[in-house]
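Colleague: Prediction below, plus the sequence it came from.
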Amino acid sequence: MNMTVLFFLGLYFLAMIAIGLWSMRRGAGQSMEGYYLGGRNVGPLVTAMTMQTTSMSGYMFLGAGSLGYTQGYYGFWYAAGDIGGGVVNLSVIGRRMRKLSQIMGALTSIEYLEKRYPSKWVRLVGAFLSIFFLSFYVLAQFIAGGKGLELVTGLPYEASLIIAVTVIIAYTLMGGYSAVAYTDMVQSIIMLVGIMWVLIAALQNVGGLTAANETLAEIDPTLLSVWGRDLLYEGQWGMVIGAVLIFSIGYMGWPHVVTRHMAMKNPNTARRAGVYSTIWNIMFVSSPYLLGILAIIILPNLDDPEQAIFTMASTLLPSAVVGIVMAAIMAAIMSTADSILLQTGSIAARDLYERFINPNMGEKQMVNVSRLIVLAIGIGGILAALIEPPAVFAIVIFATSVLGSAFLPAYVGAVWWRKANTPGALASIVVGGSISFLWQYLGLDGPTEMHPMLVGVVLSSLTMIAVSLVTQRSHPVPEHILHAMEETAELRPLPKGLRANQDFTMAHEAMSLT
Amino acid sequence: MFGLPTATTFLVLGIPMFWILYTLGFLWMTRDWPTSRNEK
């Protein structure tokens, strides 16, 4: 066990808990808006960084390096979409979703859908779909966190898991969204410093990028092509476009990512946040894939390609710097886990418990219930991660495509298309989620060479358009929603009348159920 | 460039350049947003 590495990790964990305490003292637990959305007071830099780190899990340090190691420059197709994911999301729906969610008094991304597309079924289907896939997603991050810490410290997996997840639960419970967003901000810096350090050392080791590519050409020239080793993916445009789509426009369908828009300090925040996202992505996103490629030269006999970045760090860097790289890997895992944990807890508390079971709670009571549910999910996650159910990772690979395909047209249509109505949204969620899931489950992506996300997004979008148009007469979009949509296009403070209509209680919704 | 085939150079450098231009275009299109600073 390396004491320098342990020192950096310990320091990192303490910093995360300190941010949780700081957020709590700033009043995160005083109101639902404070706990769920940081009081809608999050600035552009933190918005950009929490959006990026939430989207990028431990996959970037493990899977991305592995893809570069096994398939060469083909991995850059995934980076190609990822670099623009943040700015696309913020430019297309950021500003308008921030404003519309405030006008409608929505505190979770699923509640926002019900208020834009008034139907309890939108809420029910959206909540169950999100909770199911996000629970497995957070469980996978817990397992990755436990294994990451085990690898670094040499502690048993069980102890590593409990330490890593306890830190995540502690700051999420204390500070809610503020704690998650500000820890993500710190984690984004650690991730960037960690990856850049290994990249610079690796490039020095191989004599620069041009020399590295010349060496790769001697090993296997197909590693330099865009179609993978031995041109495995040659001509598979359907797969490639799907890969680019997942990470460029797919973010707009992820409930745990679009919540970031709702928490922005100001609708105008989206502008600078978009710029910060692109700057960070340009520096970070391609690096893990490139490191995997460089590892082919530096570590030609690597048994496990997922260890490419970790092994290169241990081989090329002094132990003090390895500690930062290890903290970076933990940061990537934890910054995704905390956001999904809070989001899953919020949806379970607000969109299921409060909405359908106990709608008459006060704000502080609701915050406490949310904390309890987050704690329960966290403890349940630890217990499940100890067992490591074999299906976890199998289900997680569905999550990104299914959530993106299901919700993307609903979130985009919510702010941009006046005719997007309740039947259209509900049908597109069901069709997009089901098609994307079945496409992957039945293995249709192989024979058709079409990525599930590509098929899912196209069909859910067509469903949204067709069903909304056909049902326009029977289910017109209510006048107050059209009025609110018009207001989101305006560059002015909300009119007093609209502000007066903001209602964070659930009473009116409960009445509509009877 | 950098010893890469043309298509790979486009993937590695061209697409990030596209996103930089997209971001600059977004900044240009939204240049009147800062006037709405009091919007809350």
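Modeller: It's in. Residues are numbered from 1 along each chain as shown, chains lettered A, B, ... in the order given.
Colleague: A:Gly381 and A:Ile465: what is the separation?
Modeller: A:Gly381 sits 38 Å away from A:Ile465, going by C-beta to C-beta, to the nearest Å. C-betas here are computed from N, CA, C, even on glycine.
Colleague: In terms of neighbours, single out the busier of these two.
Modeller: A count of neighbours by other C-beta atoms under 10 Å in any protein chain shown puts A:Gly381 above the other of A:Gly381 and A:Ile465, at 24 against 17.
Colleague: Hmm, A:Ala263 is touching A:Tyr35, no?
Modeller: No. Assessed by C-beta atoms under 8 Å, A:Ala263 is found out of contact with A:Tyr35, at 11.0 Å.
Colleague: list the residues that contact both of these two?
Modeller: Common neighbours of A:Ala263 and A:Tyr35, counting by C-beta atoms under 8 Å, 6 or more residues apart in numbering or on different chains, are A:Tyr177.
Colleague: what about the two, which has more around it?
Modeller: A:Tyr35 (32 against 25).
Colleague: The most centrally placed residue in chain B: what's it in contact with?
Modeller: When C-alpha atoms, centre = their mean is applied to chain B, the residue found nearest the centroid is B:Ile20 (2.0 Å). If you count contacts by C-beta under 8 Å, 6+ apart, B:Ile20 has them with A:278, A:282.
Colleague: Could you check how far it is from A:Asn281?
Modeller: On the measure of C-beta to C-beta, B:Ile20 and A:Asn281 end up 10 Å apart.
Colleague: can you give me the helices in the stretch 351-500 of chain A?
Modeller: In the stretch 351-500 of chain A, the segments counted as helices under DSSP state H, counting those that start in this stretch are A:363-387, A:392-416, A:422-441, A:445-448, A:452-470, A:479-488, A:496-500.
Colleague: close to chain B, is the helix ranked longest in chain A?
Modeller: For chain A, the longest helix by residue count, based on DSSP state H, is helix A:157-206. No. Between helix A:157-206 and chain B, judged by C-beta under 8 Å from any C-beta of the partner chain, nothing touches; the nearest distance is 11.2 Å.
Colleague: That helix - what's its average pLDDT?
Modeller: Throughout helix A:157-206, pLDDT has a mean value of 92.
Colleague: What residues does the stretch 1-150 of chain A have near chain B?
Modeller: Contacts of the stretch 1-150 of chain A with chain B, taken as C-beta under 8 Å from any C-beta, map to A:73, A:76-77, A:80, A:83-84, A:87-88, A:91, A:95, A:99.
Colleague: Could you rerun that using 6 Å?
Modeller: Residues of the stretch 1-150 of chain A lying close to chain B (C-beta under 6 Å from any C-beta of the partner chain) are A:73, A:76, A:80, A:83-84, A:87, A:91.
Colleague: Buried subset of the residues you listed as a ChimeraX selection?
Modeller: In ChimeraX, a selection of the buried entries from the residues of the stretch 1-150 of chain A next to chain B looks like this (16 or more other C-beta atoms under 10 Å in any protein chain shown):
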select /A:73,76,80,83,84,87,91
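Colleague: Dump the residues of the stretch 1-150 of chain A next to chain B to TSV, plus secondary structure and pLDDT.
Modeller: Shown next, in TSV, are the residues of the stretch 1-150 of chain A next to chain B (DSSP: H, G, I helix; E, B strand; the rest coil; pLDDT from 0 to 100):
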residue	secondary structure	pLDDT
A:Tyr73	helix	95
A:Phe76	helix	93
A:Ala80	helix	92
A:Ile83	helix	94
A:Gly84	helix	94
A:Val87	helix	96
A:Ser91	helix	96
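Colleague: Now for the residue nearest the centre of chain A: which residues touch it?
Modeller: Nearest residue to the geometric centre of chain A (C-alpha atoms, centre = their mean): A:Ser55, 3.2 Å. A:Ser55 makes contact with A:251, A:257 under the criterion C-beta atoms under 6 Å, 6 or more residues apart in numbering or on different chains.
Colleague: Tell me the spacing between it and chain B.
Modeller: 15 Å (C-beta to the nearest C-beta, to the nearest Å).
Colleague: before we move on, what about A:Leu209?
Modeller: 5 Å.
Colleague: contacting residues for the nearest residue to A:Gly94 once chain neighbours are set aside?
Modeller: Leaving aside its sequence neighbours, A:Gly94 sits nearest to A:Ala270 (C-beta to C-beta, 6 or more residues apart in numbering or on different chains; 3.2 Å). Contacts were defined as C-beta under 6 Å, 6+ apart; by that measure A:Ala270 touches A:90, A:94-95.
Colleague: Adding pLDDT, neighbour count and secondary structure, write those out as a markdown table.
Modeller: Formatted as a markdown table, these follow (pLDDT from 0 to 100; neighbours: other C-beta atoms under 10 Å in any protein chain shown; DSSP: H, G, I helix; E, B strand; the rest coil):
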| residue | pLDDT | neighbour count | secondary structure |
| --- | --- | --- | --- |
| A:Leu90 | 96 | 33 | helix |
| A:Gly94 | 95 | 29 | helix |
| A:Arg95 | 94 | 28 | helix |
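Colleague: export those to JSON lines and tack on distance to A:Tyr276?
Modeller: Output for the contacts of A:Ala270, formatted as JSON lines (distance: C-beta to C-beta, whole Å):
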{"residue": "A:Leu90", "distance to A:Tyr276": "9"}
{"residue": "A:Gly94", "distance to A:Tyr276": "12"}
{"residue": "A:Arg95", "distance to A:Tyr276": "15"}
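Colleague: What segments of chain B are helices?
Modeller: According to DSSP H, chain B carries its helices in the segments B:6-9, B:15-29.
Colleague: quick revisit: what angle do helix A:363-387 and the longest helix of chain A make with each other?
Modeller: 80 degrees (axes from the mean of the first three to the mean of the last three C-alpha atoms, to 10 degrees).
Colleague: what's downstream of helix A:157-206, the next helix or strand?
Modeller: On the C-terminal side of helix A:157-206, the closest following helix or strand by DSSP states H and E is helix A:209-219.
Colleague: list the buried ones in that next one?
Modeller: A:209, A:212-213, A:216.
Colleague: Quick one: list the elements packing against it.
Modeller: Judged by 3 or more C-beta pairs under 6 Å, 6 or more residues apart in numbering or on different chains; DSSP states H and E, helix A:209-219 is in contact with no other helix or strand.
Colleague: any idea how far A:Gln30 is from chain B?
Modeller: Distance of A:Gln30 to chain B, computed by C-beta to the nearest C-beta: 19 Å.
Colleague: same thing with A:Leu14?
Modeller: The value you get for A:Leu14 to chain B, if C-beta to the nearest C-beta is used, is 35 Å.
Colleague: Quick check: pLDDT value at A:Leu383.
Modeller: On the pLDDT scale, A:Leu383 gets 92.
Colleague: Tell me who's in contact with it.
Modeller: A:Leu383 neighbours (C-beta under 6 Å, 6+ apart): none.
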